[in-house]
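1. Quick one, fold the following:
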Amino acid sequence: MELGKNISSRIFYEIEENEVYATYLEELMALYQLIGYDLIMNVNSFDVIPFSGNKEKIVDLYGLEQWLKNRHEGIYDSYEGIINAYSSGNYGTCIEACRTTLTGIFSKYKGVESFAKWFRGTASIAGDLNNNMPTIKNSLDALGKSDLAEFFEENASGNYKKTRAIYSIYSMLSDYGTHRQEGTAEIPSKEDALMMLRMTEDILIWIYQKKR
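-> Okay, here's the model as predicted:
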């Protein structure tokens, strides 16, 4: 907050004269939003006000980054891609990187069986593979269905609440990220990207807290 309040007023003149400075300022504002604050430009000064985050979330994100760096370097690189794409205004790419990061981290917990895919890692971390529901467990293990949404619909009364929620988020990330130009083109807004980024971060923090 002190950093924002002490940005030199000279930047206002530099923004008018050089588009590069305007781009830097946009990126800085986006980075503030990622940690829960808004950097507001007034006539000759900046204010920093709460946006939607909290101090606990910032601490969790720091712990998450260190954990990914030390334990899952490839996933850390993908997570960095999320941040860089968002701060640069590339919202479709940001969401695509969210999807890559999500599938990547769950792939670390999918098991060693030849049929295992990233999706099995969600059930493993959520504890859904230990709920004494052999019929659903066997269906997941076999992964024989091409449409997992249909699988969830058939087992809506089961205990796969967290696994189903994560799959739904994955589907949304696919529609607005990787597959956004297929069929009806989906054009994600800044608000869309920030929502999906935070959903991804919250899932990553959940895994980090369970596995640290």
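
2. quick one, strands of the chain?
-> 37-41, 46-50 (DSSP state E).

3. who does the longest helix seen in the chain touch, helix- and strand-wise?
-> Longest helix in the chain by number of residues, with DSSP state H as the criterion: helix 190-211. If you count contacts as 3 or more Cβ pairs under 8 Å, 6 or more residues apart in numbering; DSSP states H and E, helix 190-211 packs onto helix 19-34, helix 55-71, helix 73-87, helix 91-107, helix 118-126, helix 161-173. Quick note: C-beta positions are derived from backbone N, CA and C, even for glycine.

4. Try it again at 7 Å.
-> Judged by 3 or more Cβ pairs under 7 Å, 6 or more residues apart in numbering; DSSP states H and E, helix 190-211 is in contact with helix 55-71, helix 73-87, helix 91-107, helix 161-173.

5. Please state the offset of the last one from the chain centre?
-> In this case it means helix 161-173. 12 Å (Cα atoms, centre = their mean, to the nearest Å).

6. and residue 39, how many neighbours?
-> 21 (other Cβ atoms under 10 Å).

7. closest to residue 186 out of the helices and strands packed on helix 190-211?
-> helix 91-107 (8.2 Å; Cβ to Cβ).

8. Tell me what angle that closest one forms with helix 118-126.
-> Helix 91-107 and helix 118-126 meet at an angle of 60 degrees, taking axes from the mean of the first three to the mean of the last three Cα atoms, to 10 degrees as the criterion.
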